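> Give the three-dimensional model of this entry:
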Amino acid sequence: MTHSMPANKPEEPGWKEMFSIKNLIFIVIIVAAAGAAFYYMWQKKNEPLVQDNARRDYLISVPVVSVVTKTLFREDQLPGEIDAYQDVLIYPKVPGFIKDIKVDRGSIVKKGDLMVRMYAPEFLARRHEAVAKVSMAKAALSAEESKLQDLRAELQKKKANLLADESTYQRVYAASLVPGVIADNDVVQWAQTVQVDRQDINAVTKRVNAKDHEVSMRKEEVDAMVKAFESFADIASYLEIYAPFDGYITERKMHIGSFVGPDGTGAYPPICRLKQLDLLRIICPVPEDLVSGVIIGSQVDFTVSTFPGKKFKGTVARISNSLDKETRTMPVELNYLNPDFKVVPGMFTKVYWPSRRPQESMFVPISSVVSTPLNTFVCRIDGDRVDWVNVKKGQIMDNLVEVFGELRTGDKVAVEGSEEMENQSRVIPVDKSSKDAI
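Got it, this is the predicted structure:
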């Protein structure tokens, strides 16, 4: 039996064909292209997107100025009050009736001028009574002084008798030492006489001392009565009222025949009102932050509504040195000489108060200071970097404001500060200090 041979099958591609030269060249080309593409993309990734010159074109330009040092000086308009330098209501010192009044509203008086004459009959009667009592007391004193003199004379007489009797007793006693010359009874009698004289002197001395004390007491009584009389004499002088200073009568309340009395003793109105108008007080409430600039003797301008456009000059004369707790202001008084009475008390006035600092301080434009709920700062430009510097604001002068913080004279700050200018961001500073001098 004959076996037939199988038909020839096509051979499958083998490893030799897969790694043929043609395939290897193709693979190398693909890998090289992929590597070139990866290197190109890696280079692009590490390159800056914008060149330095181009990137600088995208930074914002910020106008800056220098921090300057100045002495604060400015004028603030403050409300003021005008008062008379002296202002008194004229009351009598004692009750009485007006007998004559020589002044009226508008009268100009000089110090010591008689303004009012009064009549008080009850005080005159009491004064006459006091005079009579003083006279009686003086008469009684004279009588007692006379008695005192009599007692002193009697005392001197008693002392003289004592000396005479003592002398006789000494002679009698000496003679009695010789037997038979003087009887012993005579010696005893003279000794008793001397003893009686001494007792009389002691009694009269006591009477003199008592009378002397009585006279001293009466002298004190007379002195008290004289002083009481002098008080009545003073009261009599109170019935005439004289001007206490040069001034101007601005009010008159009472007339001839009116009954008047001292202030506080009843519902008596004052007789008149006297004001000194040739010198005025300008009272200005100075805010707390301006108090340090108050200087005694400095000149301050003020205006009144009666003379629009005209300024008057006052002199700082008195400082209260006490702040009002409600308004946080300190009253300061100016003196203003007003011989022609152009300015009068009660006028509405504005005081142009000068604010000064005793030392220099730093200033920046008002727009440079940024205030937020958290802090207050300026944008200092250090090179091309923004640096937020916390500051405290002071007074405003022209278009500048005082600042206190970590700044130095000459530092550059942004003219227009803003939160949008982020801290440590980069900007292009444009110096405006020479163009817009501050």
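
> Quick one: distance of stretch 324-334 to the chain centre.
Between the centre of stretch 324-334 and the centre of its chain there are 8 Å (Cα atoms, centre = their mean, to the nearest Å).

> let me fix that: stretch 89-98
Put simply, stretch 89-98 sits 35 Å off its chain's centre (Cα atoms, centre = their mean).

> Could you check how far Ser305 is from Ile82?
Going from Ser305 to Ile82 by Cβ to Cβ, to the nearest Å gives 11 Å. (Each C-beta comes from the backbone N, C-alpha and C, glycine too.)

> So between the two, which is more surrounded?
Each of Ser305 and Ile82 has its neighbours counted (other Cβ atoms under 10 Å); Ile82 has more, 21 against 9.

> Report the rounded mean pLDDT for whichever strand or helix holds that one.
Here Ile82 sits within strand 73-84, counting by DSSP states H and E. Strand 73-84 shows a mean pLDDT of 90 in the predicted model.

> same question, stretch 176-188
78.

> ok, back up a step: what are the buried residues along the strand holding Ile82?
Neighbour counts over strand 73-84 (16 or more other Cβ atoms under 10 Å) mark 74, 78, 80-82, 84 as buried.

> Quick check: neighbours of the next helix or strand along the chain from that strand in the sheet, parallel or antiparallel?
Going down the chain from strand 73-84, the next helix or strand is strand 87-90, by DSSP H and E. Paired neighbours of strand 87-90 in the sheet (DSSP bridges): strand 272-275 (antiparallel).

> outside of the strand it pairs with, which residues touch it?
Residues from elsewhere that reach strand 272-275 (Cβ atoms under 8 Å, 6 or more residues apart in numbering): 84, 86-90, 101, 103, 109, 115-116, 243-245, 247-254, 345.

> Show me what the mean pLDDT comes to for it.
95.

> if we can go back for a sec, let me have the buried residues of strand 73-84 in TSV, adding distance to Val415 as columns.
Below are the buried residues of strand 73-84 laid out as TSV (distance: Cβ to Cβ, whole Å):
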residue	distance to Val415
Arg74	21
Leu78	31
Gly80	37
Glu81	42
Ile82	44
Ala84	51
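
> Pick out the most distant pair among those.
Arg74 and Ala84 (30.9 Å; Cβ to Cβ).

> hmm, back to that, can I get the strand holding Ile82 as PDB, trimmed to CA atoms?
Extracted in PDB, the C-alpha atoms of strand 73-84 (Å, rounded to 0.1, in the frame of the first residue of the first chain):
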ATOM      1  CA  PHE A  73       2.400 123.600  63.400                       C
ATOM      2  CA  ARG A  74      -1.200 124.100  62.300                       C
ATOM      3  CA  GLU A  75      -4.300 126.100  63.200                       C
ATOM      4  CA  ASP A  76      -7.500 124.500  64.300                       C
ATOM      5  CA  GLN A  77     -10.800 126.400  64.500                       C
ATOM      6  CA  LEU A  78     -12.200 125.900  68.000                       C
ATOM      7  CA  PRO A  79     -15.400 127.500  69.500                       C
ATOM      8  CA  GLY A  80     -14.800 130.000  72.300                       C
ATOM      9  CA  GLU A  81     -16.700 132.100  74.800                       C
ATOM     10  CA  ILE A  82     -16.100 135.700  75.700                       C
ATOM     11  CA  ASP A  83     -16.400 136.800  79.300                       C
ATOM     12  CA  ALA A  84     -15.600 140.000  81.100                       C
END
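
> Need the residues that contact it.
In this structure, residues lying in contact with strand 73-84 by Cβ under 8 Å, 6+ apart are 247, 275-277, 280-287, 290, 301-302, 304, 343-347, 349-356, 395-398.

> So which of the residues you listed sit within strands?
247, 275, 280-287, 301-302, 304, 349-356, 395-397 (DSSP state E).

> Next secondary structure after the helix or strand of the chain with the lowest mean pLDDT?
Taking mean pLDDT, DSSP states H and E as the measure, the chain has helix 52-56 as its least confident helix or strand, at a mean of 47. Counting by DSSP H and E, the next helix or strand C-terminal to helix 52-56 is strand 61-66.

> strands paired with the strand holding Ile82, and their directions?
When DSSP bridges is applied, strand 73-84 pairs with strand 279-287 (antiparallel), strand 349-356 (antiparallel).

> rank those strands by mean pLDDT and give me the bottom one.
Among the strands paired with strand 73-84, strand 349-356 carries the lowest mean pLDDT, a mean of 88.

> Buried residues, that one. List them.
Neighbour-count burial for strand 349-356 flags 349-351, 353-355 (criterion: 16+ other Cβ under 10 Å).

> Let's have those residues in a markdown table, adding distance to Ala36.
Below are these laid out as a markdown table (distance: Cβ to Cβ, whole Å):
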| residue | distance to Ala36 |
| --- | --- |
| Thr349 | 91 |
| Lys350 | 85 |
| Val351 | 86 |
| Trp353 | 82 |
| Pro354 | 81 |
| Ser355 | 76 |
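
> For the stretch 151-300 of the chain, which segments count as strands?
Here the stretch 151-300 of the chain has its strands, by DSSP state E, counting those that start in this stretch, at 240-242, 247-252, 259-260, 272-275, 279-287, 299-304.

> Dump those to a markdown table, plus mean neighbour count and distance to Leu24.
Below are the strands of the stretch 151-300 of the chain laid out as a markdown table (neighbours: other Cβ atoms under 10 Å; distance: least, Cβ to Cβ, whole Å):
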| stretch | mean neighbour count | distance to Leu24 |
| --- | --- | --- |
| strand 240-242 | 16 | 139 |
| strand 247-252 | 18 | 126 |
| strand 259-260 | 17 | 139 |
| strand 272-275 | 22 | 124 |
| strand 279-287 | 20 | 95 |
| strand 299-304 | 18 | 104 |
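
> any chance of these in TSV, plus distance to Val67?
TSV is the format used below for the strands of the stretch 151-300 of the chain (distance: least, Cβ to Cβ, whole Å):
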stretch	distance to Val67
strand 240-242	65
strand 247-252	55
strand 259-260	70
strand 272-275	53
strand 279-287	26
strand 299-304	31
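
> between the ones you listed, which gets nearest to Asn335?
So among the strands of the stretch 151-300 of the chain, strand 279-287 is nearest, using Cβ to Cβ, at 6.3 Å.
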